[in-house]
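Trainee: Just to be clear, the model below is a prediction. Sequence and coordinates:
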Amino acid sequence: MHITEKIVKKVAILTLSGHMMGGPNNIQLHDKVKSLLGDGIRNIVIDLKKVKWMNSSGLGTLMAAWGSVMREGGNIKLANVTEKVHSLLIMTQIITFFETYDSVDRAVASYSSEIR
Amino acid sequence: MWIEIIVSLFPVFIFLVAFILLDSFKLIANHSIIQAILAGGILAILCLSFNSWVVNNIGVHWQINVRYIAPLLEELCKALFLIYLIRQNKVGFMVDAAIYGFAVGAGFAFVENIHYLHSKPHISLLGWIIRGLGTAVMHGGTCAIFAIFSKSLCDRWEANKIYFFIPGILLASIIHSFFNHFFLNPVLMTVLQLIILPLLIYLVFSHSEKILRNWLEFGMDSDVQLLEYINRGKISTTKIGKYLRKLRENFSGEIVADMLCYIRIYLELAVRAKGVLLMQENGFRIKVEDDIKDKFKELNFLEKSIGKTGKLALSPIFRTKTRDLWQLYFLNSK
């Protein structure tokens, strides 16, 4: 799994690609989220467009990252969730923790509307 | 008196709370732990009555009773509740087996110590550290060892046969009997228990957690994949679809359709259970949606519709081993 980071209007956009299947890559995502929190960035969008599949470890990492962000008063929103991953989130009921958006722009914009 | 009560009764519950906190997946609901403690207490009352009957009516020397008869009887009694839990698929892993075991032992020791506090009020504080704390930890420990040992045997053979529990009862009875022989200095024995038990439980917890993670990872992937095939109407292209088609030779079309529905609902519940485990591991407690109760009702209905023969026919293609059944109990208890 590969992660790229971009900051737009104080919102961090993390673009993931590949499979979220556990191992060091997942730890990398959580570490990245923690480092953003350390820099004072609490609003995060995770772009899952290029994530083809996610297993229980991937879901666990998402949950752990969400927990860290929530404890700091922020939020993680998901964008471009593929149909396969979306159905996994629904089946496991983990979807209840995340807001999902069709595009990264919409997810970022949703933070602006919350601030207003 | 209060100091004696605190020394003899509370440390064992502190141990129990520590074990519950160590369980990162929160496998057992609080009310189930309370039930286990109560069961232990009730079994202690039965054992105390039986022990005094043995000494008073059969004329067995008290030392023989304490060293050989009581350990076997008490371990057998404590095991009864755990055997029931394991056979009903209410125990999924060694972690929850250990917690249930320790909880039964703690309840047992609680009642036994109250009995001793009442019947022997003049024992010194040191006496209570040995008699109260030592015995309480021993009861919790042997019961936890029985549960861990039996659960691992059942897991290894993927069945809950009654004879799988005999070695665990014997092992727990031998440890109990060794404790009652006072081969070692009682203070040393108590200290040793306080060191060994947490270490043992820690090892069991870390080993069991690894097993749980593997099961979660492998199980979720295969369950989700199969569910996807069913939901997309592509099941006929799979091995399971071909097998179901073959079953039509022996079962009516309606029954085979019910079998497919049964598999689908079962898988939905299995994936949901694994999702709840993941959330709990990360410290989130959620109330499962109301549709789960309906799904359980539907599952029971379908189970009756396909019957025992139908379930047996599904067994070559469909995993319904102890742990797979436990996850449904786990979800239903939420």
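Mentor: Received the coordinates, thanks. Nothing here was measured: the structure is a model prediction, and the numbers come from that model.
Trainee: From now on I want contacts and neighbour counts done on CA atoms only, so please keep to that.
Mentor: Fine.
Trainee: And the residue of chain A found nearest chain B, how far from B:Y229?
Mentor: Nearest to chain B, among the residues of chain A, is A:T92, at 4.4 Å (Cα to the nearest Cα). A:T92 sits 17 Å away from B:Y229, taking Cα to Cα, to the nearest Å as the criterion.
Trainee: which of these two has more neighbours?
Mentor: The neighbour comparison of A:T92 against B:Y229 (other Cα atoms under 10 Å in any protein chain shown) goes to A:T92, with 25 against 16.
Trainee: just checking, B:V276 touches A:T92?
Mentor: Yes - when contacts are counted by Cα atoms under 8 Å, B:V276 is listed as touching A:T92 (7.2 Å).
Trainee: where does the residue of chain A closest to chain B fall, phi/psi-wise?
Mentor: phi -90, psi -10 (degrees, to the nearest 10).
Trainee: and if you look at A:K49?
Mentor: Backbone torsions of A:K49, given as degrees, to the nearest 10, read phi -50, psi -40.
Trainee: So the helix ranked longest in chain B, near chain A or not?
Mentor: Counting by DSSP state H, the longest helix found in chain B is helix B:186-231. Yes - using Cα under 8 Å from any Cα of the partner chain, helix B:186-231 comes into contact with chain A via B:216-217, B:220-221, B:224.
Trainee: which helices and strands does the very next helix or strand once past that helix pack with?
Mentor: Using DSSP states H and E, the helix or strand that follows helix B:186-231 in sequence is helix B:239-247. Under the contact criterion of 3 or more Cα pairs under 8 Å, 6 or more residues apart in numbering or on different chains; DSSP states H and E, helix B:239-247 touches helix B:253-281.
Trainee: pretty sure B:G134 is touching B:T190, no?
Mentor: Yes - with contact defined as Cα under 8 Å, B:G134 reaches B:T190; the gap is 4.9 Å.
Trainee: what are the ranges of the helices in the chain?
Mentor: Because you didn't say which chain, this covers chain A. Going by DSSP H, chain A shows helices at A:24-38, A:56-71, A:83-91, A:104-115.
Trainee: switch to chain B, that's the one I care about
Mentor: B:2-22, B:30-53, B:62-64, B:70-87, B:94-119, B:125-128, B:135-157, B:166-181, B:186-231, B:239-247, B:253-281, B:291-314, B:322-332.
Trainee: Indicate which one of those is closest to A:T61.
Mentor: A:T61 sits nearest to helix B:253-281 of all the helices of chain B, at 9.5 Å, using Cα to Cα.
Trainee: which parts of the closest one are buried?
Mentor: B:255-281 (16 or more other Cα atoms under 10 Å in any protein chain shown).
Trainee: Compute the number of surrounding residues for residue 5.
Mentor: You didn't say which chain, so I picked chain A. 13.
Trainee: I was thinking of chain B, sorry if that wasn't clear
Mentor: 17.
Trainee: quick revisit: can you check what angle separates the longest helix of chain B from helix B:2-22?
Mentor: 30 degrees (axes from the mean of the first three to the mean of the last three Cα atoms, to 10 degrees).
Trainee: what does chain A put close to chain B?
Mentor: Residues of chain A lying close to chain B by Cα under 8 Å from any Cα are A:55-57, A:59-60, A:63-64, A:67, A:88, A:91-94.
Trainee: Can you pick out the most distant pair from these?
Mentor: Applying Cα to Cα across these, the maximum distance is between A:G67 and A:M91, 20.0 Å.
Trainee: ok, back up a step: so of the helices of chain A, which one's packed in deepest?
Mentor: helix A:56-71 (a mean of 20; mean count of other Cα atoms under 10 Å in any protein chain shown).
Trainee: And the contacts of it?
Mentor: A:20-23, A:26-27, A:29-30, A:33-34, A:37, A:42-43, A:75-76, B:216-217, B:220-221, B:278-279, B:282 (Cα atoms under 8 Å, 6 or more residues apart in numbering or on different chains).
Trainee: mind redoing it with 7 Å?
Mentor: Under the criterion Cα atoms under 7 Å, 6 or more residues apart in numbering or on different chains, residues A:20-22, A:26, A:30, A:33, A:42, A:75-76, B:216-217, B:220, B:278-279, B:282 lie in contact with helix A:56-71.
Trainee: pLDDT value on B:I175, please?
Mentor: On the pLDDT scale, B:I175 is placed at 93.
Trainee: for A:V33, same thing?
Mentor: Predicted confidence (pLDDT) for A:V33: 94.
Trainee: Enumerate every residue touching it.
Mentor: A:A65.
Trainee: sorry, back to before: what packs against the longest helix of chain B?
Mentor: helix A:56-71, helix B:94-119, helix B:253-281 (3 or more Cα pairs under 7 Å, 6 or more residues apart in numbering or on different chains; DSSP states H and E).
Trainee: Throw the ones you listed into TSV and include distance to B:C154 and mean pLDDT, thanks.
Mentor: Listed next are the helices and strands packed on helix B:186-231 as TSV, based on distance: least, Cα to Cα, whole Å; pLDDT from 0 to 100:
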stretch	distance to B:C154	mean pLDDT
helix A:56-71	26	90
helix B:94-119	11	91
helix B:253-281	21	90
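Trainee: Now that we have these, can you turn them into TSV and tack on distance to B:H176?
Mentor: Shown next, in TSV, are these (distance: least, Cα to Cα, whole Å):
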stretch	distance to B:H176
helix A:56-71	41
helix B:94-119	12
helix B:253-281	35
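Trainee: Which one of the ones you listed lies nearest to B:E74?
Mentor: Per Cα to Cα, nearest to B:E74 of the helices and strands packed on helix B:186-231: helix B:94-119, 9.1 Å.
Trainee: which residue is nearest the centroid of the chain?
Mentor: Going with chain A. Centroid-nearest residue in chain A: A:I46, 3.2 Å away (criterion: Cα atoms, centre = their mean).
Trainee: wrong chain, I was asking about chain B
Mentor: B:A97 (3.3 Å).
Trainee: wait, what's in contact with that residue?
Mentor: Counting by Cα under 7 Å, 6+ apart, B:A97 touches B:91, B:144, B:147-148, B:151.
Trainee: and the gap between B:D223 and B:A273?
Mentor: 11 Å.
Trainee: Worst mean pLDDT across the helices and strands of chain B, which element?
Mentor: Between all helices and strands in chain B, the lowest mean by mean pLDDT, DSSP states H and E belongs to helix B:125-128, at a mean of 78.
Trainee: Sketch out the low-pLDDT regions of the chain for me.
Mentor: Because you didn't say which chain, this covers chain A. A:23, A:25-26, A:115-116 (pLDDT under 70).
Trainee: You answered for a different chain; I wanted chain B.
Mentor: B:1, B:319-320.
Trainee: Around chain A, which positions in it sit nearby?
Mentor: Applying Cα under 7 Å from any Cα of the partner chain, we find that chain B lies next to chain A at B:216-217, B:220-221, B:268, B:271-272, B:275, B:278-279, B:282.
Trainee: how does chain B divide up, domain by domain?
Mentor: B:2-210, B:233-332 (automatic domain parsing).
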